[in-house]
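[1] I would like the atomic coordinates for the input below:
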Amino acid sequence: MKIKQLKHIGFLLFILLSFISCVNEMDMIEDEQKLEVLSSEIYPPTRPNYEEWVKNLIDYGRPNPQEKLNYKILEDALSMIYLYFPEIRGLIDVVINKGIKFRLAMGGVNGKNSWFNPETSEIGFWPDHFKLGNILHELLHFISFNTIPAYHDGHWAAREEYEIRVLTDLFMRRCKYGSYEYQGMQVDHEDYGRYLEWLDKLIENEVNLFQFKADFFEFGFSRMWAIEKEGKDTRITVRDLVGYEPLLFYFWFSGKM
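    Numbering: from 1, shown residues only. Prediction:
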């Protein structure tokens with residue numbers, strides 16, 4: 001009951017503050033929208049050799065036979081993401097053109113089943129979590145760190161995390177890829193059904209930007225509050241959601257509005 005009350009209080013706070021933001025934050029938002037990506041609102045076409053192109057994201061090192069098998073799984077996932085997720089294709093191109101790569105590691109860190117380490121440019125997974133949805137999630141962390149200055153500098157960790165969770169859910173729901181555990185809302189939460197309906201409306205382009213920001217805060221407050229209470233990631237705080245403006249999510253709406 002307390003969590004539900006807090007959610008309602010937080011939502012009212014969002015309504016009151018959504019039209020108010022300090023000068024410094026607005027300046028930062030304006031800077032974020034000048035990202036180093038193609039200025040066109042038309043998604044770049046799929047490259048004829050995109051399967052080879054996405055391999056440029058990977059720092060292979062000198063893999064052993066088992067690592068080669070893991071890299072093949074990773075390559076197939078990156079190819080599928082590049083082909084079926086055009087909204088972030090331009091961002092992938094930017095990172096590749098900059099020559100930025102990541103290394104693959106297998107194993108957990110600080111109790112996490114999958115993770116991205118910006119200091120070493122490394123993404124990692126427990127073997128049973130080395131799946132498409134988790135690969136996309138960590139790839140988006142890698143992309144946001146290297147293309148969005150606010151996220152690179154460690155600002156608004158809850159915004160970044162929830163943007164990535166919702167974008168991952170949208171991709172997985174749109175491509176109807178097998179069994180998948182949605183990341184943006186707990187399956188036993190009272191709003192789980194509404195959350196899935198919201199994803200469907202976003203996929204069908206039935207949500208305008210203003211409504212999206214209100215919905216993002218409402219659903220994000222519930223999910224990020226649970227994560228904050230767990231205490232596994234001390235960077236996550238729900239207050240970062242207040243005054244939310246799309247950064248990584250900007251590319252979902254680009255060309256659709």
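[2] state the number of residues packed around residue 66.
    When counting by other Cβ atoms under 10 Å, one arrives at 9 neighbours for residue 66. Using the backbone N, CA and C atoms, a C-beta is placed for each residue, glycine as well.
[3] for this protein, what helix or strand is lowest in average pLDDT?
    Every helix and strand in the chain was compared by mean pLDDT, DSSP states H and E; the lowest is helix 23-32, with a mean of 40.
[4] for residue 50, give me its contacts.
    79, 82, 83 (Cβ atoms under 8 Å, 6 or more residues apart in numbering).
[5] those residues in helices, which ones?
    79, 82, 83 (DSSP state H).
[6] out of everything not next to it in sequence, what's closest to the first one?
    Nearest-residue entry for residue 79: residue 51, 4.7 Å, with adjacent residues in sequence omitted and distances by Cβ to Cβ, 6 or more residues apart in numbering.
[7] would you map the helices across the stretch 1-150 of the chain?
    2-17, 23-32, 50-53, 65-84, 89-97, 132-147, 149-152 (DSSP state H, counting those that start in this stretch).
[8] C-terminal to the last one, what's the next element?
    In other words, helix 149-152. Using DSSP states H and E, the next helix or strand after helix 149-152 towards the C-terminus is helix 157-175.
[9] quick check: mean pLDDT of that next one?
    Confidence for helix 157-175, expressed as mean pLDDT, is 96.
[10] and for stretch 56-64?
    Confidence for stretch 56-64, expressed as mean pLDDT, is 95.
[11] for it, which outside residues touch it?
    Under Cβ under 8 Å, 6+ apart, the answer for stretch 56-64 is 70-71, 74-75, 78, 92, 95-96, 101-104, 121, 139.
[12] try stretch 170-180
    Counting by Cβ under 8 Å, 6+ apart, 80-81, 84-85, 132-133, 136, 182, 196, 199-200, 202-203, 252 sit against stretch 170-180.
[13] if we go to 10 Å?
    Contacts to stretch 170-180, defined as Cβ atoms under 10 Å, 6 or more residues apart in numbering, come from residues 80-81, 83-85, 87-88, 131-133, 136-137, 140, 168-169, 181-184, 196, 198-200, 202-204, 249, 252.
[14] from residue 71, how far off is the residue lying farthest from the centre of the chain?
    Relative to the mean C-alpha coordinate of the chain, counting by Cα atoms, centre = their mean, the farthest residue is residue 65 (31.0 Å). In this structure, residue 65 and residue 71 are separated by 11 Å, where distance is defined by Cβ to Cβ, to the nearest Å.
[15] now swap in residue 223 and tell me
    With distances taken as Cβ to Cβ, residue 223 is found 32 Å from residue 71.
[16] neighbour count winner among those two?
    Between residue 223 and residue 71, residue 223 has the larger neighbour count (other Cβ under 10 Å), namely 24 against 16.
[17] show the contacting residues for the more buried one.
    With contacts defined as Cβ under 10 Å, 6+ apart, the neighbours of residue 223 are 158, 161-162, 165-166, 183-186, 189, 191, 195, 236, 238, 241.
[18] dump the residue contacts of the residue nearest the centre of the chain.
    Centroid-nearest residue in the chain, with Cα atoms, centre = their mean: residue 164, separated by 1.5 Å. Residue 164 makes contact with 116, 136-141, 143-144, 151, 183-184, 248-249 under the criterion Cβ under 10 Å, 6+ apart.
[19] as a markdown table, the residues you listed with pLDDT, neighbour count and distance to residue 208 would be great.
    Written out in a markdown table, the entries for the contacts of residue 164 read as follows (pLDDT from 0 to 100; neighbours: other Cβ atoms under 10 Å; distance: Cβ to Cβ, whole Å):
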| residue | pLDDT | neighbour count | distance to residue 208 |
| --- | --- | --- | --- |
| 116 | 96 | 22 | 31 |
| 136 | 98 | 24 | 26 |
| 137 | 97 | 25 | 26 |
| 138 | 97 | 21 | 30 |
| 139 | 98 | 26 | 28 |
| 140 | 98 | 24 | 23 |
| 141 | 97 | 22 | 27 |
| 143 | 98 | 23 | 25 |
| 144 | 97 | 23 | 24 |
| 151 | 96 | 24 | 24 |
| 183 | 96 | 20 | 24 |
| 184 | 95 | 23 | 19 |
| 248 | 94 | 24 | 19 |
| 249 | 94 | 23 | 14 |
